[in-house]
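Visitor: for reference, the sequence and a predicted model appear below.
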Amino acid sequence: MSVLIKGGRVITAADDYVGDVFVDGERISLIGESLDVAADRVIDAAGKYVLPGCIDPHTHLDMPFGGTVTIDDVESGQTSAAFGGTTCHVDFVIQPQGMTFGDALDEWKAKADGKQVIDMGYHMAITDLKNGGTLEELATLPEQGVTSYKLFMAYKGALMVDDETLFRTMQVAAQSGALVMVHAENGDVIDILVREALAAGHTEPLYHALTRPPEAEGEATNRAIQLAHLAGAPLYVVHVTCREAVEPIARARDAGWNVWGETCTQYFFNSLDDIAKPNFEGAKYVYSPPVRDKSNWDVLWNAVRTDALSVISTDHCAFLWDGQKTMGRDDFSKIPNGGPGLENRLQMIHEFGVRHGRISLNRMVELLATNPAKLFGLYPRKGTIAVGSDADIVIFDPERTHTISAATHHSKSDYNLFEGTEVTGTPELVLLRGQVLVENGELVASPGVGRFVARAKFGQELVPERVPA
Ligand SMILES: [Zn+2]
């Protein structure tokens, strides 16, 4: 099967030109001006953007959490990603306490089997190095294409690790070729503040945010940066929300340290006003780190513009408001943490980042595709449009309007964090390795089309698969 995409505006992190892209099988094999080649299918992309498929390095599908399981499994989550122009993501394996990393990885792969709509990789979230998982086993994961370790500095009594586990993992990463990722909030302090709030009778969702203050995120971010520097490990701070966390990351990057930061779509748009909504509606906005006051929106836009933050992900971790979030109706600490977002990242960042003049189209591609590919061992097979790269391509109509709504999104969640937002510009056709995934508002490919991708070690390239000579 070959596809010729004609006359589109090809936009990568570095380029912006009108040209033709020829896809032979699963890869891009030719790019040029008015290509004269025969193809099984010709797509007229005049007036459209031709973007590399977006990559989401932060998602949670089919994950047990807070006494329930996220509502999106691999099929529904990845379907929603596909409609939003995301063709590859990296999900978190959460090591169940006492289980080896190998068994945990097998368990997560089994959940994805036959359901994959887009390509995917895994990070390993380490919860326990004393029983089950060992430092020796941890060191072998990069050989299996799992080239990032995640640690939670929050969720005391559940996922949180102590500084010993954090530091030992960083020491292993410095040797094994993995990137260390941290959820940076001080879990001990938050635990005290939560208990104090509940003892004072504060049970409503707003107290989720008030008991997880920016200082707790800033402190943990700085601690992780200093410890990673000491261990000689590269560090990636996930879901940065506020000035207190941006500043230590910017400082470390200015000093030339191997530190990167990510924020997520929702932190540019949701705020304390949302979580304070009455009648338990605020529970829709309960995720961690929490929504912040609006003064942080500009801090985050500046940070993604100046490369203090290098990636925008979604932290898609979807629950039903009615039936799951309601588990915490009388106690905010029992509200499952997380929200949906996989589908709307490109639309929202294009509208409010590019169209509103905050970032360029090239920078948008860099934040949503190229940088995640480079940091997580997928580049240049993914994250760009180049000869030899996988033909993961989004034909994006910059003029078409779309109103974001839970009524039309593809997540199983019964609400959307951006409900009612009208955007101009939306994906029109999405290709995964040369196959049409989404066209005319329909999922065209069948589940099973997506694959596990063994990622390259940190700092190394994932060389495109060569056609045999
Ligand atoms: Zn997360």
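Guide: Now that the structure is in, tell me what you want to look at.
Visitor: report the buried residues of the lengthiest helix in the chain.
Guide: The longest helix of the chain (DSSP state H) is helix 214-231. Judged by neighbour count using 16 or more other CB atoms under 10 Å, the buried positions of helix 214-231 are 214, 216-225, 227-229, 231. (C-beta placed from N, C-alpha, C; glycine too.)
Visitor: likewise stretch 32-41?
Guide: Applying 16+ other CB under 10 Å to stretch 32-41 flags residue 39 as buried.
Visitor: from the middle of its chain, how far away would it be?
Guide: Distance of stretch 32-41 from its chain centroid, counting by CA atoms, centre = their mean, to the nearest Å, is 34 Å.
Visitor: name the residues that touch stretch 409-419?
Guide: For stretch 409-419, contacts defined as CB atoms under 8 Å, 6 or more residues apart in numbering pick out 71-72, 76-77, 79-80, 83, 265-266, 269-270, 284-285, 316, 318-322, 339-344, 348, 404-406.
Visitor: circling back to that earlier point, and the buried residues of helix 214-231, which is closest to residue 32?
Guide: Within these, the smallest distance to residue 32 is 43.9 Å, found for residue 228 (CB to CB).
Visitor: the closest residue to the closest one other than its chain neighbours - how many residues pack around it?
Guide: Residue nearest to residue 228 in three dimensions, not counting chain neighbours: residue 235, with 3.8 Å by CB to CB, 6 or more residues apart in numbering. Residues lying near residue 235 (other CB atoms under 10 Å) number 26.
Visitor: so where do the helices sit in the chain?
Guide: Under DSSP H, the chain gives helices at 74-83, 101-112, 135-140, 163-176, 187-199, 206-210, 214-231, 243-254, 272-275, 295-306, 345-349, 361-365, 371-375.
Visitor: note down every partner strand of the helix or strand bottoming out on mean pLDDT in the chain and its orientation.
Guide: Ranked by mean pLDDT, DSSP states H and E, the helix or strand of the chain with the weakest confidence is strand 64-65, at a mean of 92. Using DSSP bridges, strand 64-65 pairs in its sheet with strand 68-69 (antiparallel).
Visitor: chain center to the strand it pairs with, what's the gap?
Guide: In terms of CA atoms, centre = their mean, the centre of strand 68-69 is found 20 Å from the chain centre.
Visitor: just to check, the residue nearest to residue 228 is in contact with residue 253?
Guide: No - Residue 235 is beyond contact range of residue 253, at 10.7 Å (criterion: CB atoms under 8 Å).
Visitor: what sits in contact with each of those two?
Guide: With CB under 8 Å, 6+ apart as the test, residue 235 and residue 253 both reach 259, 260.
Visitor: could you list the low-confidence segments of the stretch 301-450 of the chain?
Guide: For the stretch 301-450 of the chain, no stretch has pLDDT under 70.
Visitor: which residues in it form strands?
Guide: Assigned by DSSP state E, counting those that start in this stretch, the strands in the stretch 301-450 of the chain fall at 311-313, 393-403, 422-432, 435-439, 442-443.
Visitor: on that earlier part again, which one of the helices of the chain lies nearest to residue 49?
Guide: helix 361-365 (7.4 Å).
Visitor: restricting to C-alpha, output stretch 344-353 in CSV.
Guide: Output of stretch 344-353 as CSV, limited to C-alpha atoms (Å, rounded to 0.1, in the frame of the first residue of the first chain):
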residue,chain,number,x,y,z
ASN,A,344,-8.0,17.4,22.9
ARG,A,345,-4.3,18.3,23.4
LEU,A,346,-3.5,19.2,19.8
GLN,A,347,-6.8,21.1,19.3
MET,A,348,-6.3,23.1,22.6
ILE,A,349,-2.6,23.9,22.1
HIS,A,350,-3.2,24.8,18.5
GLU,A,351,-6.1,27.2,19.4
PHE,A,352,-4.7,28.8,22.5
GLY,A,353,-1.0,28.4,21.8
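Visitor: what's that stretch in contact with?
Guide: Contacts to stretch 344-353, defined as CB under 8 Å, 6+ apart, come from residues 54, 56, 84-86, 265, 268-269, 301, 304, 312-314, 358-359, 363-364, 367-368, 394, 396, 398, 402, 404, 409, 416-418, 421, 423-427.
Visitor: out of those, which end up buried?
Guide: 54, 56, 84-86, 265, 268-269, 301, 304, 312-314, 358-359, 363-364, 367-368, 394, 396, 398, 402, 404, 409, 416-418, 421, 423, 425-427.
Visitor: hang on, the earlier thing: elements contacting the longest helix of the chain?
Guide: helix 163-176, strand 179-183, helix 187-199, strand 235-237, helix 243-254, strand 259-264 (3 or more CB pairs under 8 Å, 6 or more residues apart in numbering; DSSP states H and E).
Visitor: redo these as CSV? Include distance to residue 104 and mean pLDDT.
Guide: Converted to CSV, the helices and strands packed on helix 214-231 look like this (distance: least, CB to CB, whole Å; pLDDT from 0 to 100):
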stretch, distance to residue 104, mean pLDDT
helix 163-176, 15, 98
strand 179-183, 16, 98
helix 187-199, 21, 98
strand 235-237, 20, 98
helix 243-254, 28, 98
strand 259-264, 23, 98
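Visitor: just put the ones you listed in TSV and tack on distance to residue 205.
Guide: Shown next, in TSV, are those (distance: least, CB to CB, whole Å):
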stretch	distance to residue 205
helix 163-176	29
strand 179-183	20
helix 187-199	12
strand 235-237	25
helix 243-254	22
strand 259-264	19
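Visitor: what's the closest of these to residue 10?
Guide: Nearest of the helices and strands packed on helix 214-231 to residue 10, taken as CB to CB: strand 259-264 at 25.9 Å.
Visitor: contact partners for the residue nearest to residue 84 when sequence neighbours are not counted?
Guide: Excluding its sequence neighbours, the residue lying closest to residue 84 (CB to CB, 6+ apart) is residue 343, at 3.9 Å. Residues near residue 343 by CB under 8 Å, 6+ apart: 80, 81, 83, 84, 409, 410, 411.
Visitor: still on that earlier bit, right, so of the helices and strands packed on helix 214-231, which gets closest to residue 382?
Guide: Counting by CB to CB, residue 382 lies closest to strand 179-183 out of those; the figure is 16.2 Å.
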